[in-house]
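J.: give me coordinates for this.
(one chain, ligands or ions: 1)
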Amino acid sequence: MTDYHQQADWTTVNDHQSPIDIDTANTVVINQYLPFTMNNKHHLKLDRDDGTTIQVTGTGHASIFNRPFHFVQLHFHWTSEHLIDGETTPLEIHMVYQSSIGQLCVVSLMVKHGPADETLQEIIDNFKPDEDIR
Ligand SMILES: [Zn+2]
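T.: Numbering: from 1, shown residues only. Below is the predicted model of the structure:
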């Protein structure tokens, strides 16, 4: 089992299975936004905060690559679970969605130090468990 307290000891880092080390020298860059649309407000509820992971469950719908998915949960990893050119980022956000036939889609956001993103900061500042957000 992956021990998030011993991340330096992970031996499964590769380019096929999570956790993935993205080698940017051998990556195809697509200069388009991910075709992802949140189709309604998401109702979120704080589910877990165990010191390594904060998980939020809830309801909501999104269109991902023009396919309908329902929201399952989102959670945060610090430091990041995945790597870019062998380096972690301070924070990684995983938004987990599932289709009606059980396909999972995890949208991962690698967050670096820098000026606060106004939208993300507003969500954090105003988050109250068990409220709707969009
Ligand atoms: Zn995760």
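J.: flag every buried residue along stretch 70-81.
T.: Buried residues in stretch 70-81, defined by neighbour count with 16 or more other Cβ atoms under 10 Å: 71-78, 80-81. To be clear about C-beta, it is placed using only N, CA and C from the backbone, and glycine gets the same treatment.
J.: okay, those in TSV with pLDDT and distance to residue 22 next?
T.: Listed next are the buried residues of stretch 70-81 as TSV, based on pLDDT from 0 to 100; distance: Cβ to Cβ, whole Å:
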residue	pLDDT	distance to residue 22
71	93	25
72	93	24
73	91	23
74	88	21
75	88	20
76	85	19
77	86	15
78	83	18
80	91	11
81	89	12
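J.: which of the residues you listed fall in strands?
T.: Among the buried residues of stretch 70-81, DSSP state E puts 71-77 in strands.
J.: show me the shaky parts of this protein.
T.: 1-8, 10-16, 52-53, 123, 126-134 (pLDDT under 70).
J.: center of it - which residue?
T.: In the chain, the centroid-proximal residue (Cα atoms, centre = their mean) is residue 94; its distance is 1.5 Å.
J.: what's across from that residue in the sheet?
T.: For residue 94, the residues forming beta bridges with it (DSSP bridges) are residue 75, residue 108.
J.: how about it, what does it touch?
T.: Shown in contact with residue 94 (Cβ atoms under 8 Å, 6 or more residues apart in numbering): 74-77, 81, 106-108.
J.: for the chain, which segments are assigned as helices?
T.: 118-126 (DSSP state H).
J.: strands of that one, start to end?
T.: 21-22, 36-38, 42-49, 53-59, 61-64, 67-77, 83-84, 91-98, 104-111, 131-133.
J.: that's all I had, so thanks and see you.
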